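Trainee: A predicted structure for the sequence below; I have some questions about it.
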Amino acid sequence: MKRYAYFEGKFVPIEEANINIQTNSFHYGTAVFEGIRAYWNEEKQQLFGLFFKEHYERMLRNCKILNLQVEKSADELVDITVELLRKCQHREDTYIRPIAYFSDLKISPKLIGYKTEIAIYTLPLGDYLDLSKGLKAKTSSFHRINDTMIPARCKVAGAYVNSAFAKTEALLNGYDEAIMLNPDGTVAEGSGENLFIVRNGKLITPPSHSNILEGITRNAVIELAENELGIEVEERPILRSEIYVADEVFFTGTAAQVAPVVQVDHVTIGNGEIGAITKKLQEVYFSIVKGENKKYSHWLIPIY
């Protein structure tokens, strides 16, 4: 399979999609990116793109925050991505990474006076986190960045140093993932995922003003919980100790999908197994993204 990328206005072999080491955004992290998935259905012999337009709409909103001037609409970026996937001929679950950046070969950390370019590439990707068993998570000693530093709602490349510190600390201490707190002690999210807890049959998740990414999978899970499972969802601040006494805990995200957590800081969550609500949400979510649930076919774009 020959791989291609969309790079600075044209489709090129992936080996040719290279930036100069002098590229401004490479030095200062002043790029905005997205993570998008497409799911392969072997029986249908079809690749389904998930939430393509929603991701590009979010990306363009976030580019405004960094003054990145992308000269493409969300619809145009969707069309480019579909064409790229067709050129690459993926026959497996696939990850799509678009990134907008300042391409000037200049030294100065600023957000004005530079040219914006966009690149998109794809790669095969199965489960980012192990969904077959519950995850073990650690409350990180690193606080989540807040809106007066780098807006957490914006997928800024440089901001992911914050996530890298937290994730690495968790891994080095024998955990699978990190849970990050705000400076006031309330829960923000994982290193690259939104977080939900279940208490007394209700789904609870931090609100958008708790320095979280405004997650597209998060929104989808809220919709499914309310409309398909009849579960009440509450968006409010969560305290660290609430996680310990939760009946269930799980992460959501494009890469993470719906990932159960069974232990936090050596405290067993619920009975230590994947919770019933988490399992139901996993089942309905995967039936949709694989193109098996026609009710939500508007979430998907058939590629072939």
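Mentor: Yes, it's here. Numbers count the residues shown, from 1 in each chain.

Trainee: ranges for the helices of the stretch 201-304 of the chain?
Mentor: Assigned by DSSP state H, counting those that start in this stretch, the stretch 201-304 of the chain shows helices spanning 216-227, 240-244, 276-289.

Trainee: for the longest one, the distance to its chain's centre please.
Mentor: Put simply, helix 276-289 sits 17 Å off its chain's centre (C-alpha atoms, centre = their mean, to the nearest Å).

Trainee: helix or strand right after the helix or strand hosting Ala166?
Mentor: Using DSSP states H and E, Ala166 falls within helix 160-172. With elements assigned by DSSP H and E, the helix or strand that comes after helix 160-172 is strand 177-181.

Trainee: paired strands for that following strand, with orientation please.
Mentor: Sheet pairing here is set by DSSP bridges, and for strand 177-181 it gives strand 135-139 (parallel), strand 187-190 (antiparallel).

Trainee: the shortest one: what's the following helix or strand?
Mentor: What it means is strand 187-190. Downstream of strand 187-190, the first helix or strand assigned by DSSP H and E is strand 194-199.

Trainee: give me the buried positions along that following strand.
Mentor: Residues of strand 194-199 classed as buried: Asn194, Leu195, Phe196, Ile197, Val198 (neighbour count, 16 or more other C-beta atoms under 10 Å). For every residue, glycine as well, the C-beta is placed using N, CA and C.

Trainee: sheet partners, orientation included, of that strand?
Mentor: Sheet pairing of strand 194-199 (DSSP bridges) gives strand 202-205 (antiparallel), strand 248-253 (antiparallel).

Trainee: looking at the ones you listed, which is closest to Leu171?
Mentor: strand 248-253 (15.2 Å; C-beta to C-beta).

Trainee: ok, Lys136 touching Ile179?
Mentor: No: counting by C-beta atoms under 8 Å, Lys136 does not reach Ile179; the two are 10.9 Å apart.

Trainee: looking at the two, which has the bigger crowd around it?
Mentor: It is Ile179, of Lys136 and Ile179, that has more neighbours when counted by other C-beta atoms under 10 Å, with 27 against 19.

Trainee: can you pull the contacts of the more buried one?
Mentor: By C-beta atoms under 8 Å, 6 or more residues apart in numbering, the contact list for Ile179 reads Ala137, Lys138, Thr139, Ser140, Val187, Glu189, Gly190, Leu195, Ile243, Val264.

Trainee: what stretches of this protein score poorly on pLDDT?
Mentor: Nowhere does the chain drop to pLDDT under 70.

Trainee: mind running it again at 80?
Mentor: 1, 130 (pLDDT under 80).

Trainee: before we move on, back to that, and the helix holding Ala166, what does it pack onto?
Mentor: Counting contacts by 3 or more C-beta pairs under 8 Å, 6 or more residues apart in numbering; DSSP states H and E, helix 160-172 packs against strand 135-139, strand 177-181.

Trainee: for those, give me CSV that also has distance to Gly126.
Mentor: As requested, those are exported to CSV (distance: least, C-beta to C-beta, whole Å):
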stretch, distance to Gly126
strand 135-139, 16
strand 177-181, 17
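
Trainee: point out the most buried one among the ones you listed.
Mentor: Mean neighbour count (mean count of other C-beta atoms under 10 Å) peaks for strand 177-181 among the helices and strands packed on helix 160-172, with a mean of 25.

Trainee: all set, thanks.
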